[in-house]
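Peer 1: With the sequence up front, the predicted model follows.
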Number of protein chains: 2
Amino acid sequence: MTVVKQVSPQLRVAVIGAGNVAGHLAEALARVGCLAGVWSRNGNHASSIAAPLNVPGGAMSDLPRDLDIYILSVKDDAIPSVSAVIGPVAGIVAHTSGTVSMDVLVRERRGVFYPLQTFSSNRQIDMSEVPFFIEGSDADVSETLMNLALCISSNVRYAGSDIRATLHLAAVFACNFTNHLWAIAEDILRREAGCSLDVFAPLLHETLAKAIECGAGISQTGPAARGDIHTIKKHLQRLDGLREKIYQIVSQDIMNNNQN
Amino acid sequence: MTVVKQVSPQLRVAVIGAGNVAGHLAEALARVGCLAGVWSRNGNHASSIAAPLNVPGGAMSDLPRDLDIYILSVKDDAIPSVSAVIGPVAGIVAHTSGTVSMDVLVRERRGVFYPLQTFSSNRQIDMSEVPFFIEGSDADVSETLMNLALCISSNVRYAGSDIRATLHLAAVFACNFTNHLWAIAEDILRREAGCSLDVFAPLLHETLAKAIECGAGISQTGPAARGDIHTIKKHLQRLDGLREKIYQIVSQDIMNNNQN
């Protein structure tokens, strides 16, 4: 993991929350010496993140009021209520959500500090490559959050709510839906061939690498891209229910795109 | 690239064809000293693959008749006619298709030598990790093709036509359809956020790694997995045509799976 840039003067940052995003952000901020501590509604979870990082941690009642930035990393629905619990502070309060407006934080110095990545408790993430999208209530807030993000990642941009909404919609197709198609393949492989998705690992890594490097549109292959109606019919005979419909409709969209 | 195993005695193998699969197989076979040459209907293309590998290459009329294995790497529809052009040989004739029956090769010693990977002319592939699926007309043919595959990959299995058909169906979901969803995301990102699929690279690599390591079914995230009807409605308002239908139907299938 690379430390990309060190801010000066050093920012003192609270992470508020105790989920996967909070844990990964706290670790990355501790690494660059900006983490003042971790606090959450359930103080125990925050303490268990804070302890190995050698910073204070606990319940919201112990939250210091003199920090520079409060990063609010909680579920979307909880952002307004947790912001209210913080109460009045001079520092910036920013949430980490890709979908929620900055303005649910009813305070003057507010912002968004959105890392575009999927975080799990048991998986290491190289934060220096994670794209961060920043929004601020004024130029000074934006610049401060940009500088903080640049401490932990080399890939930081400004993005208003419209752009974040677009990123989220595109990510549902690119990430959530593709994962579901892998789950369908996984199920077919397990039931009908007695093997796991593992057998596709080299194929899938290469397909993804090619899509990112060359563009997904021009990298399309397969029966629909070739207009191979014979194979499409054979496959549809082996499917039913929503899987049959998914196969039909995605194939149709691929064929339409190739006609353009 | 790792040389996994050296066969003994050395097999003498012809690659017949001049496409991407033929080119990558020829290179891998040359590396382990098994490549007798490359031949194709258009001799020029075969020669251009053969020349840098320092083996003979050219038109089908120059094909030697005394080799151990003839790997027929041509388009599915062309397999029967190219097999006929080879004529009678004592060696094994095997095709590399994931979908075509072994029996379109009307000869006694026939087989399938199927590498489960997507090949492009301009991309290096680590053949030692590519899964090979082998079928043979008898035990001796199967064993010979297995041994050849084990020279170039550590990941080799027997698979009859049924298993290959299942792999192909699953691969359409896992590879072709996921690529199309990336193409949709790519288009949304370009039109509405002015960026390329590149911005999703860390997210997509991590999503894929997690699906393969932990299983795609249990790794599912996103609005449909959470039952977040509000976000789903907002997204559907921004879509139309087949994209709207794909969003609806894949979300429905994710929600159905999560109820199970």
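Peer 2: Now that the structure is in, tell me what you want to look at. Residues are numbered from 1 along each chain as shown, chains lettered A, B, ... in the order given.
Peer 1: mean confidence for the host helix or strand of A:S47?
Peer 2: Using DSSP states H and E, A:S47 sits in helix A:43-50. Helix A:43-50 shows a mean pLDDT of 96.
Peer 1: what's that helix packed up against?
Peer 2: Helices and strands touching helix A:43-50, by 3 or more CB pairs under 8 Å, 6 or more residues apart in numbering or on different chains; DSSP states H and E, are helix A:20-31, strand A:35-40, strand A:57-59. (Each C-beta comes from the backbone N, C-alpha and C, glycine too.)
Peer 1: Can you tell me how far the residue sitting furthest away from the middle of chain A is from B:T99?
Peer 2: What lies farthest from the middle of chain A is A:H230; by CA atoms, centre = their mean that is 40.0 Å. A:H230 sits 10 Å away from B:T99, going by CB to CB, to the nearest Å.
Peer 1: ditto for A:C151
Peer 2: 52 Å.
Peer 1: Compare these two (neighbour count), which wins?
Peer 2: Counting neighbours by other CB atoms under 10 Å in any protein chain shown for A:C151 and for B:T99 shows that A:C151 has the greater number, 22 against 18.
Peer 1: hang on, that one packs against A:V32?
Peer 2: Yes - using CB atoms under 8 Å, A:C151 makes contact with A:V32 at a distance of 4.5 Å.
Peer 1: hang on, the earlier thing: check which helices and strands the strand or helix carrying the residue farthest from the centre of chain A sits against.
Peer 2: Applying DSSP H and E as the criterion places A:H230 in helix A:229-237. Other helices and strands packing on helix A:229-237, by 3+ CB pairs under 8 Å, 6+ apart, are helix A:223-226, helix A:241-259, helix B:161-171.
Peer 1: List of residues touching the last one?
Peer 2: Spelled out, it's helix B:161-171. A:184-185, A:188-189, A:192-193, A:199-200, A:203, A:231, A:234-235, A:238-239, B:98-99, B:101-102, B:112, B:114, B:116, B:133, B:135, B:159 (CB atoms under 8 Å, 6 or more residues apart in numbering or on different chains).
Peer 1: how distant is it from the center of its chain?
Peer 2: Its chain's average C-alpha position is 12 Å from that of helix B:161-171, according to CA atoms, centre = their mean, to the nearest Å.
Peer 1: which parts of it are buried?
Peer 2: B:I163, B:R164, B:A165, B:T166, B:L167, B:H168, B:L169, B:A170, B:A171 (16 or more other CB atoms under 10 Å in any protein chain shown).
Peer 1: Likewise for stretch A:10-19?
Peer 2: Neighbour counts using 16+ other CB under 10 Å place A:L11, A:R12, A:V13, A:A14, A:V15, A:I16, A:G17, A:A18, A:G19 of stretch A:10-19 among the buried residues.
Peer 1: Could you dump the buried residues of helix B:161-171 into CSV with pLDDT added?
Peer 2: Below are these laid out as CSV (pLDDT from 0 to 100):
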residue, pLDDT
B:I163, 95
B:R164, 95
B:A165, 93
B:T166, 96
B:L167, 96
B:H168, 94
B:L169, 96
B:A170, 98
B:A171, 97
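Peer 1: re earlier: quick one: closest of the helices and strands packed on helix A:43-50 to chain B.
Peer 2: helix A:20-31 (10.5 Å; CB to the nearest CB).
Peer 1: Where do the helices of the stretch 51-200 of chain A begin and end?
Peer 2: A:79-86, A:139-152, A:161-171, A:178-193 (DSSP state H, counting those that start in this stretch).
Peer 1: Switch those over to TSV; also include distance to A:M60.
Peer 2: Shown next, in TSV, are the helices of the stretch 51-200 of chain A (distance: least, CB to CB, whole Å):
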stretch	distance to A:M60
helix A:79-86	5
helix A:139-152	22
helix A:161-171	26
helix A:178-193	34
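Peer 1: just these: most buried one?
Peer 2: With neighbours taken as mean count of other CB atoms under 10 Å in any protein chain shown, the helices of the stretch 51-200 of chain A reach their highest mean count in helix A:178-193, at a mean of 22.
Peer 1: follow-up on the earlier one: contacts for the helix holding A:S47, please.
Peer 2: A:15, A:17-18, A:22-23, A:26, A:37-40, A:56-60, A:62.
Peer 1: And A:T207, its phi and psi?
Peer 2: phi -60, psi -40 (degrees, to the nearest 10).
Peer 1: right, and it touches B:T118 too?
Peer 2: Yes - the pair A:T207 / B:T118 is scored as a contact, 5.8 Å apart, by CB under 8 Å.
Peer 1: shared neighbours, these two?
Peer 2: With CB under 8 Å, 6+ apart as the test, A:T207 and B:T118 both reach B:C175.
Peer 1: Indicate the residue of the stretch 1-150 of chain A located nearest to chain B.
Peer 2: For the stretch 1-150 of chain A, CB to the nearest CB, closest residue to chain B: A:E129, 4.9 Å.
Peer 1: How about that residue: what's its closest non-neighbour residue?
Peer 2: B:P202 (4.9 Å; CB to CB, 6 or more residues apart in numbering or on different chains).
Peer 1: Any idea how far apart the tips of stretch A:25-43 sit?
Peer 2: Between the opening and closing residues of stretch A:25-43 lies a distance of 17 Å (CA to CA, to the nearest Å).
Peer 1: how far out from the middle of the chain is that stretch?
Peer 2: 18 Å.
Peer 1: buried residues in it?
Peer 2: Those would be A:25-32, A:34-41, A:43, for stretch A:25-43 by 16+ other CB under 10 Å.
Peer 1: Thank you, goodbye.
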